[in-house]
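J.: When you get a sec, could you give me coordinates for this:
(chains A and B)
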Amino acid sequence: MSEPSRPGTADARALRTGSFSSIFNTVGVYAIAILFLALGALLQATGAIGNFLSPKNLLNIVDAAALVGIVAVGMAFVTYSGNFADMSVPTTMGFTGYICIELLRFGFVPALLGSLAVGLLIGVLNGFVVGKFKANPIIWTLAVNYVTMGVIRLVWVNKQIYPDMRGSSDAVVALFDSIYRLRFFNLIGLPLVILAVLVVMGQFVLTKTSFGIKLKLTGSSLRAAKLSGIAVERTIVLSFVIAAFTATIAGLAITSLARVGAWYNGAGYDFKAVTAIVIGGMTLAGGRGTILGVLGGSLIIAILNNILTLIGINTFSQDMIRGAIFIIVVGMNALSLRNLGRDDA
Amino acid sequence: MRHVSKRFPGTIAVDDVSFEVRAGEVHALVGENGAGKSTLMKMLAGSFDDYTGEIVVGGQLALLHSPTLAKRHGIGMIYQELSLARPISITENLLAGRLPRRGPFLDKGRARTQAKELLASVGLDLDPNLPIEDISQHEAQLVEIAKVLGNKPTILVMDEPTSALSHEEVERLFCIIGDLKSRGIAIVYISHHLPEIFRIADRVTVMRDGKKIATTPVAVASREEIVQMMVGRSVKEFYRREERSIGDVRLRVRGLSRFGFFHEVHFEARRGEILGICGLSGAGRTELAKVLTGLDRADEGTIELDGKPVRGSTMANFLEQGISYLTEDRKTEGLAVRLPLDDNVLSAIVDRLSSVGIFSKARGKPRVDRLIGELAIYPPDPSRTVGNLSGGNQQKVLLAKWLASEPKVLILDEPTRGVDIGAKMTIHASIEKLAREGCTVLLISSDLPELVGLCDRVMIMRKGHFIREMQYSECSEESLLLAANGDTGRPAACPDPQGRPS
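T.: Residues are numbered from 1 along each chain as shown, chains lettered A, B, ... in the order given. Alright, predicted model coming up:
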């Protein structure tokens, strides 16, 4: 309730509803990233882990953050549109990797374009079914994930494939290998450069373009957006296409890193990306958050993984810890939304 | 309630209010949106555990820190928004939490009988096995009342119980209230409709800005006095008509039908004209609006704008050509309540403010500022989240959104439902100004004084047909009501309640 003529009310309420978002807003998320870095340094100082602050390890962190970040920045558009997450990301990554390797025999550029086309097709399909037919986005994209996995294992008879075994020329294979390995000034990897470009573009698209504004309205209230004359189906399709686009790029990078096409190449990236998005301050309810925040979230995920690996915690326990963090963040997020809802009364 | 207060951070929603309601009395609680009525009643319902002051129920001090405690003290709440679960049956809704059992199993026979009894107590004769979604809105409202009565309350709070009901249905509700009163139940009745209060209330308490202004017996109060206490200023003339010049035909609708909803609708509306559409709920008004605005497709007929058929078939096409639609459902269809004011106001003109795909908020800013000033939206802060505004201000934001689209034809569906008098006056003034500037306004409303006060002409709709047209000179609340009800214009007689729960 807001009564007239009460100065100060606005600030007080802004403070209250902002209590959560002030921790997980764009600035806050980087503060947390720095906190995690400090934690790593502390662990190194106490001798619990070695070499956390070594240049090589820091580079590892950044490289890992680049891969998670590329996926998360694209998927953030789906989250922002109010459709939670694109769970078909892992096999989209794996599948486009296979396609690229198969097409390398026709040259590097055709292989890139071919795998991109396949990736975008998955995005269009997801967006169309979710946007037009109102399918539950999680269930649908999860189904697509499994169907795609089935297709991979059927077509390639459950085999992994290698770039140099498909009659592609050595030069082309070398080019493919360099997707992940190319480093500018012997330092900055290509994925990181791609991520930087995606973040700048993503932030611009989300805040400055008419598509971004429409996406915000769609994510905040689908019905109200529709009754404002916004083509919500088109907006949703585009958001899934963007998610598929970045998943494809990440898929190619990880396939290049592994030098092998495998169905499990993208495994875990769905959840890593969602966690990065949520930690980055984007609400699962849609219409709120920033791409810069998502970048920070990806950084946190990468630092956390790195520390856990250095401590010697196995993958399964790492999954558990990531899951717990996700639950905590989503819980706090929901709580802050509920506080906001209480103010609606 | 003695000297009760409730603070929200930065705000005192209820400030040292003392309030009492006696057994067998209907006590009306009135005030503008944001006056603190709902907060006061939520306190009674046990929604807060941090109020100050004392609440005394039946002579004993009661600590109402949770809804369960409130229920145990015999307090029943009927909210504006229904609290029924739509897909499950009436029986299960009515008896939620106290379904009769035989051993570990549900006693279906007994549940059915009990449900029947409860339904009969509110004058309903329905199959208790029907799911809620299969019954009408007003039946659901009555089921809600029956549900609360099932808890045998001694105090019953009704928050705007008539806002979604048609005239006949309101009459029936009043009969039921009369019956409850005679059973010695104390009733607190919150409403914006003053005539209702004069019909059924014994006493009225006026609140403003979280404070109690006065409590007075209805018999000695005048409508003028109450309005003045509510708004804190004198409302001499609610509607002051200014001359408007009416121009050429702008909208021509011929033989428009959407099967099952409305048939053969035929009318013309001119520049600068406010054309009312009057009808009971279910007459097809909203369905007609949704076709006129491109949301739904017509099965037959044509819509012409300035002599040419409207191009395209989507709402975006219609909007582009100058037809805008303000929905009756503000919270889910009208506004994105989690977004700030300016985003909402500009939401219908995103494309118009963009060039080569780049959106310019700066270009829309003068428009937002002008509309905030024009509609006196409070607080005048474009970055404020709309969900944090009061109902009346939210409605102003919704109107601002459609004014920003600079429509040739503006279709308003219940533009002032549930808003306070101050906001209503502002909205009315704005509609009149819009018409003076040459816009054609279609006004769909259940608020008869609003139709009478604003419209140049009113079309009467009944059961999907336009049955009559009335000029301003013929319009009065009574004549519209009679026409909308068809031949039998009499208010329905009180049905005899057949049974009561013991």
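J.: what sits against the nearest residue to B:Asp351 once chain neighbours are set aside?
T.: Closest residue to B:Asp351 in three dimensions, ignoring its sequence neighbours and counting by Cβ to Cβ, 6 or more residues apart in numbering or on different chains: A:Ser210, at 6.0 Å. In short, each C-beta sits where N, CA and C put it, glycine included. A:Ser210 makes contacts with B:350-351, B:353-354, B:357-359, as judged by Cβ atoms under 8 Å, 6 or more residues apart in numbering or on different chains.
J.: Please apply the same query to A:Phe184.
T.: A:190, A:193.
J.: coming back round to it: what score does the residue nearest to B:Asp351 have for pLDDT?
T.: With respect to pLDDT, A:Ser210 scores 95.
J.: okay, now the residue nearest to B:Ile372 when sequence neighbours are not counted: neighbour count?
T.: Closest residue to B:Ile372 apart from its sequence neighbours, by Cβ to Cβ, 6+ apart: B:Pro380 at 4.9 Å. Residue crowding around B:Pro380 was assessed by other Cβ atoms under 10 Å in any protein chain shown; the count is 13.
J.: Equivalent analysis for the one 3 residues further on, please.
T.: Other residues within reach of B:Ser383, judged by other Cβ under 10 Å, total 10.
J.: repeat for the one 5 residues further on
T.: As a burial measure, B:Asn388 scores 24 neighbours (other Cβ under 10 Å).
J.: just B:Arg112 next, same as before
T.: Residues lying near B:Arg112 (other Cβ under 10 Å) number 17.
J.: Now do the same contact list for it.
T.: For B:Arg112, the contacting residues are B:91, B:128-129, taking Cβ under 8 Å, 6+ apart as the criterion.
J.: repeat that for 6 Å
T.: B:Arg112 sits next to B:Pro128 when contact means Cβ atoms under 6 Å, 6 or more residues apart in numbering or on different chains.
J.: Chain B against chain A: which residues are in contact?
T.: Residues of chain B found near chain A, taking Cβ under 6 Å from any Cβ of the partner chain as the criterion, are B:9-11, B:13, B:34, B:209, B:315-316, B:319, B:327, B:332-333, B:335-339, B:347-348, B:350-351, B:354, B:357-359, B:378-379, B:387-388, B:390.
J.: Out of these, list just those in strands.
T.: Using DSSP state E, the subset of those located in strands is B:11, B:13, B:354, B:358-359.
J.: Quick check: B:Val310 vs B:Trp402, distance?
T.: Relative to B:Trp402, B:Val310 is positioned 17 Å away (criterion: Cβ to Cβ, to the nearest Å).
J.: same deal with A:Thr218?
T.: For A:Thr218 relative to B:Trp402 (Cβ to Cβ), the value is 19 Å.
J.: which of the two has more neighbours?
T.: A:Thr218 (29 against 24).
J.: so is the more buried one in a helix, a strand, or just coil?
T.: A:Thr218 falls in the helix class when you classify it by DSSP: H, G, I helix; E, B strand; the rest coil.
J.: Run a quick neighbour tally on the residue in the stretch 51-200 of chain A that chain B sits nearest to.
T.: At 10.5 Å from chain B, A:Gly82 is the closest residue in the stretch 51-200 of chain A, using Cβ to the nearest Cβ. A:Gly82 is flanked by 24 other residues according to other Cβ under 10 Å.
J.: and what of A:Phe52?
T.: A:Phe52: 22 surrounding residues under other Cβ under 10 Å.
J.: If I look at it, what pLDDT would I see?
T.: With respect to pLDDT, A:Phe52 has a value of 91.
J.: ditto for B:Gly486
T.: At B:Gly486, the pLDDT recorded in the model is 67.
J.: do the same with the one 10 residues further on
T.: Reported pLDDT at B:Asp496 in the predicted model: 46.
J.: just B:Glu237 next, same as before
T.: Looking at B:Glu237, its pLDDT stands at 49.
J.: Quick check on residue 314: phi, psi?
T.: Just going to use chain A. In this entry, A:Asn314 is assigned phi and psi values of phi -70, psi 170 (degrees, to the nearest 10).
J.: sorry, should have said chain B
T.: Comment: the main-chain dihedrals of B:Thr314 come out as phi -100, psi 160, following degrees, to the nearest 10.
J.: and A:Leu42, how many neighbours?
T.: A count of neighbours around A:Leu42, defined by other Cβ under 10 Å, yields 12.
J.: ok, and what's touching the host helix or strand of it?
T.: Using DSSP states H and E, A:Leu42 falls within helix A:26-45. Outside helix A:26-45, the residues within contact range by Cβ under 6 Å, 6+ apart are A:49, A:52-53, A:280-281, A:290, A:292-293, A:296-297, A:299-300, A:303, A:307.
J.: Which members of the contacts of A:Ser210 are classed as buried?
T.: Among the contacts of A:Ser210, those classed as buried by neighbour count (16 or more other Cβ atoms under 10 Å in any protein chain shown) are B:350-351, B:353-354, B:359.
J.: Serialize these to JSON lines and add fields for pLDDT.
T.: Listed next are the buried ones among the contacts of A:Ser210 as JSON lines, based on pLDDT from 0 to 100:
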{"residue": "B:Val350", "pLDDT": "94"}
{"residue": "B:Asp351", "pLDDT": "93"}
{"residue": "B:Leu353", "pLDDT": "94"}
{"residue": "B:Ser354", "pLDDT": "94"}
{"residue": "B:Phe359", "pLDDT": "95"}
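J.: quick one: the residue of the stretch 51-200 of chain A closest to chain B is in a helix?
T.: No: residue state for A:Gly82 (three-state DSSP) corresponds to coil; a helix is not indicated.
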